[in-house]
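Asks: Just the structure for this:
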Amino acid sequence: MKKDPVVFYAALAIMTVIVVFGIVTPDLVETITNQTQGFIINTFGWYYLLSVSLIVLVCIYLFISPVGKIKLGKPDEKPEFNRPTWIAMLFSAGIGIGLIFYGAYEPLSHYAINSPTGELGTDQGIKDAMRYTYFHYGIHPWSIYGIVALAIAYFGFRKGEISLISKTLRPIIGKHADGTTGKVIDIVAVISTIMGVATSLGFGAIQINGGLSFLFDIPKNLTSQTIIIIIVTILFMISALTGIGKGIKYLSNINMSLSLLLFLAVFFLGSTLFTLNLLVTSVGGYFQNIIQMSLRIAPLNENIRGWINDWTIFYWAWWIAWSPFVGLFIARVSRGRSIREFVTFVLLAPTIISFIWFTTFGSAAITTERAGISISSLLPEESLFGVLETYPVGMVLSILTILIIVIFFVTSADSGTFVLGMMTSNGIQNPTRRIKAIWGVFLSLTALALIYSGGLLALQNAMIVAALPFSVVIILMAISLITSLRKEAKELGIRHQRPFKRKE
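Replies: Next comes the predicted model:
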């Protein structure tokens, strides 16, 4: 199946304009993105919080509902990948670079730099820092990924639709899913995907550069970041051309093993007992306050509202912008699983891993800070390396960290080229090498253009702008999915049953 000319060329044209403007007029692009980002956050912050909370409720409904028995495929179909490999693939594609970049920095930032509750530098501030970090990497982001992936998998493998975002809306928009409306939806999804993946690649390049600068005094500038992106682009293009069953699969398993090694080193070399106690306490605080955190917009406190804009709204926009990419990829590797199994593992497995990871690295950064070593004075991309420097084998662990970031970079970009190839090739399950190569180049160019236009701030602004239109699509996907599932449940005779039947 050849590429969809409308979606492919329209998305290519739009991204070409963005890249060219980012390189030719970086100051103008930075100004425009700053103003647009400010307008969106101040006007639609409440909408981001409310819509993501509703998505979580939809996922909970799908888990407890009898429709959870329905399989993503034929009734006798078996999963393509075993469960550990499946979890490793969705985790590496969905959240990898974020764990390394923010693992030590975010909890430390909430504790020592800008507290979400005003409890700066206190014991209570440590607990607040951890539960808000959990909030940003827990059930909410994975519900966003999950609902998009589930809709694509259900309509693709159960209903025989092409694996495109537009086709998941057929129960709502009918024949328009095949017309202009459908094309526009797919173009929006492609643009959102490119901006989301490119932002993460930008973060990865900046942190690799930060680590190399911290360890070996390599200049931290655009030239270094460009060289890093070029080298990693070559690596992920090689991986992308080997196919999903080889490149992404093997690299995901390797990276999970290396990440586990880094985690165990920090866990046992650091304050192990403090980490375990903090984990239990913070998990309790997270679940006790999850509703309040989900709907917290702070209309009467400008400082707290600023923190919410900089962190929570940014994260929700990041996850939304990533969701068409991660959703399509997770759907692609989840065929043959039941809806209940899908929701359970997509929401809970990465959430539990994130809780443990952030507690370990967050507690390491905070205890180091409290010991008198100012990790908070370092740049975000240097925070983890500053912590590792205090360990007996710090240099080895830092080099291991850079290797993990590179592989996460490769798997994210590799998955991105694969998904973009699907989205612009009428949903074909194995896009051509040429299509993947084109999108691989554009992902790298977009990341460079955003870095050139303002570094981390430009990356964050672009993410928030790109996420808004696709958030509406996600809500429509959820409505469409529930509508179709309820109809199928009725046809199959699946009924809601009371959990306890009174004996006659």
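Asks: Flag the shaky bits of this structure, pLDDT-wise.
Replies: Counting by pLDDT under 70, the chain contains low-confidence ranges at 1-4, 90-97, 240-249, 454-460, 494-504.
Asks: What segments of the stretch 301-450 of the chain are helices?
Replies: For the stretch 301-450 of the chain, applying DSSP state H, counting those that start in this stretch gives helices covering 302-308, 314-332, 339-370, 383-388, 394-423, 433-452.
Asks: For the shortest one, list the C-alpha coordinates in CSV.
Replies: This file holds the C-alpha atoms of helix 383-388, laid out as CSV (Å, rounded to 0.1, in the frame of the first residue of the first chain):
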residue,chain,number,x,y,z
SER,A,383,21.0,17.2,37.8
LEU,A,384,21.3,13.4,37.5
PHE,A,385,25.0,13.5,36.7
GLY,A,386,25.5,15.7,39.7
VAL,A,387,23.9,13.1,41.9
LEU,A,388,25.9,10.2,40.4
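Asks: Which one, of the helices of the stretch 301-450 of the chain, ends up nearest to Leu49?
Replies: The closest of the helices of the stretch 301-450 of the chain to Leu49 is helix 314-332. By Cβ to Cβ, the value is 7.2 Å. Placement of C-beta: from N, CA and C, glycine included.
Asks: For that closest one, enumerate the helices and strands it packs against.
Replies: Where contact means 3 or more Cβ pairs under 8 Å, 6 or more residues apart in numbering; DSSP states H and E, helix 314-332 is packed against helix 26-64, helix 83-102, helix 139-153, helix 180-216, helix 394-423, helix 455-492.
Asks: about what we covered before: for my notes, please list the helices of the stretch 301-450 of the chain in TSV and give mean neighbour count and distance to Ser51 for each entry.
Replies: Formatted as TSV, these follow (neighbours: other Cβ atoms under 10 Å; distance: least, Cβ to Cβ, whole Å):
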stretch	mean neighbour count	distance to Ser51
helix 302-308	16	15
helix 314-332	27	8
helix 339-370	22	17
helix 383-388	28	31
helix 394-423	24	22
helix 433-452	22	25
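Asks: quick one: which of the ones you listed is nearest Ala462?
Replies: Of all the helices of the stretch 301-450 of the chain, helix 433-452 sits nearest to Ala462, with 5.5 Å by Cβ to Cβ.
Asks: got the angle for the closest one vs helix 455-492?
Replies: Here helix 433-452 runs at an angle of 130 degrees relative to helix 455-492 (axes from the mean of the first three to the mean of the last three Cα atoms, to 10 degrees).
Asks: To Ile238, which of the helices of the stretch 301-450 of the chain lies closest?
Replies: Nearest of these (Cβ to Cβ): helix 394-423, 8.8 Å.
Asks: tell me what the closest one is packed against?
Replies: If you count contacts as 3+ Cβ pairs under 8 Å, 6+ apart, helix 394-423 packs onto helix 83-102, helix 180-216, helix 222-240, helix 249-269, helix 314-332, helix 383-388, helix 433-452.
Asks: mind checking which of the ones you listed is nearest Phe345?
Replies: The minimum distance between Phe345 and these falls on helix 83-102, with 6.5 Å, by Cβ to Cβ.
Asks: Quick check: buried residues in the helix or strand that contains Gly284?
Replies: Assigned by DSSP states H and E, Gly284 belongs to helix 272-288. Applying a neighbour-count criterion of 16 or more other Cβ atoms under 10 Å, one finds 275, 278-279, 282-283, 285-286 buried in helix 272-288.
Asks: What count of nearby residues applies to Lys74?
Replies: Neighbours of Lys74 under the rule other Cβ atoms under 10 Å: 11.
Asks: now Gly336
Replies: Neighbours around Gly336, by other Cβ under 10 Å: 17.
Asks: got the contact list for it?
Replies: When contacts are counted by Cβ atoms under 8 Å, 6 or more residues apart in numbering, Gly336 touches 71-73, 77-80, 157.
Asks: isn't Ile55 right next to Ile479, touching?
Replies: No. With contact defined as Cβ atoms under 8 Å, Ile55 does not reach Ile479; the gap is 11.1 Å.
Asks: Which of these two has more residues huddled nearby?
Replies: Ile55 (27 against 15).
Asks: contacting residues for the more buried one?
Replies: By Cβ under 8 Å, 6+ apart, the residues touching Ile55 are 140, 143-144, 147, 474-475, 478.
Asks: and with 10 Å instead?
Replies: 140-141, 143-148, 316, 319-320, 323, 471, 474-475, 477-478 (Cβ atoms under 10 Å, 6 or more residues apart in numbering).
Asks: I'd like the distance between Leu276 and Phe358.
Replies: Separation of Leu276 from Phe358 (Cβ to Cβ, to the nearest Å): 14 Å.
Asks: what's the answer for Tyr61, then?
Replies: In terms of Cβ to Cβ, Tyr61 sits 28 Å off from Phe358.
Asks: Select, out of the helices of the stretch 301-450 of the chain, the one closest to Leu262.
Replies: Proximity to Leu262 (Cβ to Cβ) singles out helix 394-423 among these, at 5.5 Å.
Asks: angle of the helix holding Gly284 against helix 139-153?
Replies: Using the same axes, to 10 degrees: helix 272-288 against helix 139-153 is 70 degrees.
Asks: Pull helix 272-288 out as PDB, backbone CA atoms only.
Replies: C-alpha atoms of helix 272-288 as PDB (Å, rounded to 0.1, in the frame of the first residue of the first chain):
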ATOM      1  CA  THR A 272      17.800   2.500  50.600                       C
ATOM      2  CA  LEU A 273      15.700   2.500  53.800                       C
ATOM      3  CA  PHE A 274      14.800   6.200  53.300                       C
ATOM      4  CA  THR A 275      13.800   5.400  49.700                       C
ATOM      5  CA  LEU A 276      11.500   2.500  50.800                       C
ATOM      6  CA  ASN A 277       9.800   4.500  53.500                       C
ATOM      7  CA  LEU A 278       9.300   7.500  51.200                       C
ATOM      8  CA  LEU A 279       7.900   5.300  48.500                       C
ATOM      9  CA  VAL A 280       5.200   3.900  50.800                       C
ATOM     10  CA  THR A 281       4.300   7.300  52.300                       C
ATOM     11  CA  SER A 282       4.200   9.000  48.900                       C
ATOM     12  CA  VAL A 283       2.100   6.400  47.300                       C
ATOM     13  CA  GLY A 284      -0.400   6.800  50.100                       C
ATOM     14  CA  GLY A 285      -0.400  10.600  49.600                       C
ATOM     15  CA  TYR A 286      -0.800  10.200  45.900                       C
ATOM     16  CA  PHE A 287      -4.000   8.100  46.200                       C
ATOM     17  CA  GLN A 288      -5.400  10.200  49.000                       C
END
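Asks: and the next element down the chain from it?
Replies: helix 290-294.
Asks: Go through that next one and flag the buried ones.
Replies: 290, 293-294.
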